[in-house]
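S.K.: Sequence plus the predicted model coming up.
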Amino acid sequence: MLAGDPGASIASIAAQAGVDRRTVYRRFASREELLAAIYEARLAAIEGAVEDARLREAPVAVALHRYVENIIGVNRTWPVDLARMLADESVRARRDAAAHEVDLFLRRATDEGLLRPGLPQGWASVLLPQLMHLVSRQLPDLSPAQAADVVVDTLLHGLGTG
């Protein structure tokens, strides 16, 4: 609900969840506490996705697909406003640490020949999250595994025939 309306009230969130507003307030003293819990859950899911992909040890093609599939699942489960989420310094630091792991992995993927060398510095690190975001929102009927197939194929082969 907050993905569609970041300003949604606690009362409307409670109604959507089928509970009384007081039930929400028993667990979260304020809207900010609720948002912090949502951001924490998304961050933990991102960290779990990175860990599960075994970006440092698994074969690069396997790790890439696993990472993309996991993140698409996170994006669909926790579709929150990232700009607001990253305004918190501790959240940003944890998210940056996860992004750094992915950056190192993408360099490894280039070094091992999965990605083409000679692209602008950091281009794959910018493009990959955008592709995952797009497929998460634009192709909701695909399973995370099928959506990961689309992202990985697009990343590795583009849209052209040549």
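M.R.: Right, received. Where do you want to start?

S.K.: Pull up the per-residue confidence for Ala61.
M.R.: pLDDT, Ala61: 96.

S.K.: What's the separation between it and Leu82?
M.R.: 27 Å (CB to CB, to the nearest Å). Yep, even glycine has a C-beta here, placed from its N, CA and C like the rest.

S.K.: low pLDDT regions in the chain?
M.R.: Applying pLDDT under 70 to the chain picks out residues 2-4, 6, 84-85, 162.

S.K.: how about the strands in it?
M.R.: In the chain, no segments count as strands under DSSP state E.

S.K.: How much space separates Arg54 from Leu127?
M.R.: Shown here: Arg54 relative to Leu127, a distance of 22 Å by CB to CB.

S.K.: scratch that, His133
M.R.: His133 sits 11 Å away from Leu127, going by CB to CB.

S.K.: Also Glu33?
M.R.: 35 Å.

S.K.: Equivalent analysis for Leu159, please.
M.R.: Shown here: Leu159 relative to Leu127, a distance of 13 Å by CB to CB.

S.K.: ok, those two, which is more surrounded?
M.R.: When neighbours are counted by other CB atoms under 10 Å, Leu159 and Leu127 differ, and Leu127 comes out ahead with 15 against 6.

S.K.: What count of nearby residues applies to the spatially closest residue to that one that is not a sequence neighbour?
M.R.: Among residues not flanking Leu127 along the chain, Leu155 sits closest, at 6.8 Å (CB to CB, 6 or more residues apart in numbering). Residues near Leu155, counting by other CB under 10 Å, number 19.

S.K.: thought Leu155 was touching Ser125?
M.R.: No - checked against CB atoms under 8 Å, the pair Leu155 and Ser125 is beyond contact range at 11.4 Å.

S.K.: Please give me every residue in contact with Arg21.
M.R.: By CB atoms under 8 Å, 6 or more residues apart in numbering, Arg21 lies in contact with Ile10, Ala11, Ala14, Ala15.

S.K.: ok, now with 7 Å
M.R.: Shown in contact with Arg21 (CB atoms under 7 Å, 6 or more residues apart in numbering): Ile10, Ala11, Ala14.

S.K.: buried sites along stretch 89-109?
M.R.: Of the residues in stretch 89-109, Val91, Arg94, Arg95, Ala98, Glu101, Val102, Asp103, Phe105, Leu106, Ala109 count as buried by neighbour count, 16 or more other CB atoms under 10 Å.

S.K.: for stretch 32-49, that is, sorry about that
M.R.: Leu34, Leu35, Ala36, Ile38, Tyr39, Arg42, Leu43, Ala45, Ile46, Glu47, Ala49.
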